[in-house]
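J.: Test case, fold it:
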Amino acid sequence: MTEEPNLLLRGIGELVTNDPARVEGDLLGIVNNAAVAICGGKVAWAGPLDELPDEYFDLLDLDCAGRAVLPGFVDSHTHLVFAGERGDEFVRRLAGESYESILEAGGGIQATVRATRRAAKERAAAGLVGSARSRAERMLAHGTTTVEIKSGYGLDVATELRILEAATALGKLLPIDTVVTVLGAHVVPPEFSDDRESYLRLLEEEMLPVLAPLARFCDVFCDRGAFSVGEARRILEAGKRHGLKPKVHAEQLAATGAARLAAEVGAVSADHLDHVDAEGAAALAAAGTVATLLPAASFSMRTPPAPAGLLWNAGVTVALATDCNPGTSYVESMQFVIAIAVLEMELSPAQAVWAATRGGALALEEPDKGWIGSGGVADLVILDAPSHVHIPYRPGANLVWKVIKDGLTVTGGSEKA
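T.: You can find the predicted model right below:
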């Protein structure tokens, strides 16, 4: 990372601002032939180059040579810290075995829990940081500047703690911001398979009090084969008592009413939503709950994607995220997610880019991110392409030329200064 405290980006062919002041009639607030002045890690000015105030002409200059510039990607749903891999499960699903049957046989999430528990026991948090760091570095190289990281592959207090410690450590080691979420309610671990009530009490009385100080959100997998609506409500309310804001894995595998639950408990986001209906969409819109869609998961599982158009047209704020995990979406690139959202979910390129930047920021309650304008955080991506449209148009390439994090130019996986 090159340390330039103040920077002027000029020669921008297409500037995607997402700035509400510019959005009228143009979702992305695009400015052509633009410039961006960065001072002290914040955007000081953004607009047409020929309107650049004189005070910024002396800043260190970076000529973008007609390239497109957009806000850094905000990946608002990942399971980035884990051990092991599940390539065998992938092959089984390709052969026609259902994900539910794999779960019932002790595979899926449970397989990753076993591997992660072993790694945490043998090497503690440090052992989980190494592999997660490699994934985070690749995310950064593909333009992600903020990533949410969930626990959920420990399902006991000690391992869940190690996962959250590793997630926090990544944000200190790399020029990428990490937002931490407790997902102790991923599934019921096998040692509690005959006593769900005891696991719920463990979550409420032991796990949440220990983990809450390290996290911002409490999530629950409310779906077939995981937790019921009643159980999820109980867990989320317990999380609130410990200062954690609710999120919900909602209606990925079946229509369960989890979207309406998310609205009722005031969840910041409801994620997946592959089986959401019009009633659920209306409830999310009325509650102001963000719909975080995960197109790489349905792509990997070869299942119908979430009804993005239904949600968007209902007035729901839509975000996109990778759902990076070792089983159903081993995807690290938000560019690839944007491409799938356009080609499979039928979002427009503008909608998908907005959802992967501003939408993701809103899903994490990070209002200073996901847009480019005076006062916003200077997290920017410079594409080696003339337009944001090239992201879905050229889905096989990493189009990032440079990433700017907090006003500093990122090179590879360098340490934070």
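J.: residue boundaries of the strands in the stretch 101-250 of the chain?
T.: 144-150, 177-185, 217-222, 245-250 (DSSP state E, counting those that start in this stretch).
J.: how is the chain carved up into domains?
T.: Domains of the chain are assigned by automatic domain parsing as 6-72+370-410, 74-363.
J.: can you redo those as a markdown table with mean neighbour count and mean pLDDT?
T.: Placement of C-beta: from N, CA and C, glycine included. Shown next, in a markdown table, are the domains of the chain (neighbours: other CB atoms under 10 Å; pLDDT from 0 to 100):
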| stretch | mean neighbour count | mean pLDDT |
| --- | --- | --- |
| domain 6-72+370-410 | 19 | 95 |
| domain 74-363 | 22 | 96 |
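J.: Secondary structure element holding Val381?
T.: strand 380-383 (DSSP states H and E).
J.: Just give the strands next to that strand in its sheet, each with its orientation.
T.: Its sheet considered, strand 380-383 pairs with strand 68-71 (antiparallel), strand 400-405 (antiparallel) by DSSP bridges.
J.: Quick one: closest of those to Arg86.
T.: Closest of the strands paired with strand 380-383 to Arg86 is strand 400-405, at 28.1 Å (criterion: CB to CB).
J.: Quick one: name whatever helix or strand follows the closest one.
T.: The helix or strand immediately downstream of strand 400-405 is strand 408-410, counting by DSSP H and E.
J.: by contact count, what packs against that next one?
T.: strand 400-405 (3 or more CB pairs under 8 Å, 6 or more residues apart in numbering; DSSP states H and E).
J.: Which residues does the strand it packs on contact?
T.: Residues from elsewhere that reach strand 400-405 (CB atoms under 8 Å, 6 or more residues apart in numbering): 1, 7, 9, 38, 62, 67, 72, 140-143, 145, 175-176, 335, 378-384, 409-410.
J.: got it, and stretch 16-35?
T.: The contact list for stretch 16-35 (CB under 8 Å, 6+ apart) reads 8-15, 45-50, 52, 56, 68-71, 350-351, 353-354, 357-358, 370-373, 376, 388.
J.: how long is that stretch from one end to the other?
T.: From its first residue to its last, stretch 16-35 covers 11 Å (CA to CA, to the nearest Å).
J.: before we move on, what about stretch 23-37?
T.: Stretch 23-37 stretches 20 Å from its first residue to its last (CA to CA).
J.: Give me the distance from it to the chain's centre.
T.: How far stretch 23-37 lies from its chain's middle: 24 Å, per CA atoms, centre = their mean, to the nearest Å.
J.: Could you give the separation of stretch 313-323 from the chain centroid?
T.: Distance, stretch centre to chain centre, for stretch 313-323: 11 Å (CA atoms, centre = their mean).
J.: mind saving the C-alpha coords of that stretch as CSV?
T.: Written as CSV, here are the backbone C-alpha positions of stretch 313-323 (Å, rounded to 0.1, in the frame of the first residue of the first chain):
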residue,chain,number,x,y,z
ASN,A,313,-40.2,-3.4,-7.7
ALA,A,314,-41.7,-3.7,-4.2
GLY,A,315,-39.4,-0.9,-3.0
VAL,A,316,-37.1,-3.2,-1.0
THR,A,317,-33.5,-2.0,-0.7
VAL,A,318,-31.4,-4.7,-2.5
ALA,A,319,-27.8,-5.8,-1.7
LEU,A,320,-25.6,-8.4,-3.3
ALA,A,321,-23.0,-10.5,-1.5
THR,A,322,-20.9,-13.5,-2.2
ASP,A,323,-22.0,-15.8,0.6
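J.: What are the boundaries of the helices in the stretch 51-200 of the chain?
T.: 87-94, 99-104, 109-141, 157-173, 196-202 (DSSP state H, counting those that start in this stretch).
J.: er, the stretch 251-400 of the chain actually
T.: Remark: helices assigned in the stretch 251-400 of the chain by DSSP H, counting those that start in this stretch are 258-264, 278-287, 295-301, 308-313, 334-343, 349-354, 360-363, 390-393.
J.: May I see these arranged in TSV, with distance to Thr181 as well?
T.: Putting those into TSV (distance: least, CB to CB, whole Å) gives the following:
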stretch	distance to Thr181
helix 258-264	14
helix 278-287	19
helix 295-301	17
helix 308-313	21
helix 334-343	18
helix 349-354	23
helix 360-363	11
helix 390-393	26
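J.: how about the strands paired with strand 380-383 in JSON lines, adding distance to Thr116?
T.: Shown next, in JSON lines, are those (distance: least, CB to CB, whole Å):
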{"stretch": "strand 68-71", "distance to Thr116": "32"}
{"stretch": "strand 400-405", "distance to Thr116": "28"}
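J.: and Ala136, which of the ones you listed is closest to it?
T.: Closest of the strands paired with strand 380-383 to Ala136 is strand 400-405, at 12.3 Å (criterion: CB to CB).
J.: could you give the angle of that closest one to helix 109-141?
T.: Calculated by axes from the mean of the first three to the mean of the last three CA atoms, to 10 degrees, strand 400-405 forms an angle of 100 degrees with helix 109-141.
J.: so strand 400-405 versus strand 177-185, what angle?
T.: If you take the same axes, to 10 degrees, strand 400-405 sits at 80 degrees to strand 177-185.
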